[in-house]
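# Predicted model, plus sequence, below.
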Amino acid sequence: MKLDFSRYAAFLSNPERFRLRYILNLVPESDDEPTLFNYGRRRGSCTHEILDAYAAGNSLEPVRAKYPAELFDRCVKLADVMPPNAGPVVISEREFDVPVFPGSRHSIIGRIDRVVMVDGVPRVEDFKTTKKRTKAEFSRYLGELSTSFQVPFYLAAAAALGYETDEFLFHVLIDEKDKPAYYPLELPPMGPAEIERRMRHVRAACIAIEALLQHPGPDYPWPHSNAWPCCGDRMQCGYGEICGRKIPKGCVPTGFKKRIEHLAQLGGADNE
């Protein structure tokens, strides 16, 4: 069983939605169409690609061709507020597939934005883009990042790649049309004992998913652990029409399509 931090968080949040999205690999047909609901995801992808092009010294034209002009221009402004690197970059856009524990059949997967050496000490760094928020909203957003499952996943992966550290920094890029801003969120140290504790939780989730795959199996509904529809908003969830229904694996209900797997570690295959 392979889990990235998004899958892990999705399973803890709602096993039934996890089944529909990551086991049956179903997404609404409108999933990739530009809408207000997926603008943040498209903005993040575009900004990452621009930053990658800057780091590699490549032309921005391939990125420009992929995105609407207005979105591309805003993302260039976002990327341009990033400060210079604090030190040498030793890992950049590195995919990982690391056992939860040495010899374990369960593993964590993902892609680290970068690891930077700061005064001889490795620091894991990740880029986040967000809309402009009120002070209270921004404070809640930073709190969500501070407790994100991404942190122990990436610190564990960095250690396995030879860069053990307890330092993690989010580069938060705030999207405001005429005045984008930058906010560094440096997290409190997370030591090896805490990372190990988190990995035990990940292993428990893997075991639970395997048990659900055996019974009731992927065709039948899994537990729905929050109010229906998900998040209290049918439009946000997108699965309201098929949630809680028997769906034979391989069947694609009307209004849905097969999800495209973007993590190379899964090879485009089902996450089983």
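Thanks, I have it. Numbering: from 1, shown residues only.
# By average pLDDT, which secondary structure element in the chain comes out worst?
Lowest on mean pLDDT, DSSP states H and E among the helices and strands of the chain sits helix 234-237, with a mean of 56.
# Phi first, then psi, for Ile108.
Reported as degrees, to the nearest 10, the phi and psi values for Ile108 are phi -100, psi 140.
# Count the residues that sit near it.
29 (other Cβ atoms under 10 Å). Placement of C-beta: from N, CA and C, glycine included.
# Distance-wise, check it relative to Arg17.
With distances taken as Cβ to Cβ, to the nearest Å, Ile108 is found 20 Å from Arg17.
# Mind jotting down where the helices sit in this structure?
For the chain, the helices defined by DSSP state H occupy 5-13, 15-18, 39-56, 61-66, 69-80, 135-146, 150-160, 192-214, 234-237.
# can you list these in TSV and add mean neighbour count?
Converted to TSV, the helices of the chain look like this (neighbours: other Cβ atoms under 10 Å):
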stretch	mean neighbour count
helix 5-13	18
helix 15-18	22
helix 39-56	18
helix 61-66	13
helix 69-80	18
helix 135-146	13
helix 150-160	22
helix 192-214	15
helix 234-237	14
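# who's in contact with Leu155?
Val124, Thr165, Asp166, Phe168, Met190, Ile195 (Cβ atoms under 8 Å, 6 or more residues apart in numbering).
# separation between the third one and Val63?
What that stands for is Asp166. 34 Å.
# repeat for the fourth one
As judged by Cβ to Cβ, Phe168 and Val63 stand 27 Å apart.
# that older thread, filter the contacts of Leu155 down to the buried ones.
With neighbours counted by 16 or more other Cβ atoms under 10 Å, the contacts of Leu155 contain buried members at Val124, Thr165, Asp166, Phe168, Met190, Ile195.
# hmm, back to that, I'd like the contacts of Leu155 laid out as a markdown table, including pLDDT.
Formatted as a markdown table, the contacts of Leu155 follow (pLDDT from 0 to 100):
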| residue | pLDDT |
| --- | --- |
| Val124 | 98 |
| Thr165 | 98 |
| Asp166 | 97 |
| Phe168 | 98 |
| Met190 | 96 |
| Ile195 | 97 |
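# quick one: low-confidence ranges for the chain?
For the chain, applying pLDDT under 70 flags the ranges 32-37, 227-236, 262-272.
# Let's see that with 80 instead.
30-38, 177, 226-237, 261-272 (pLDDT under 80).
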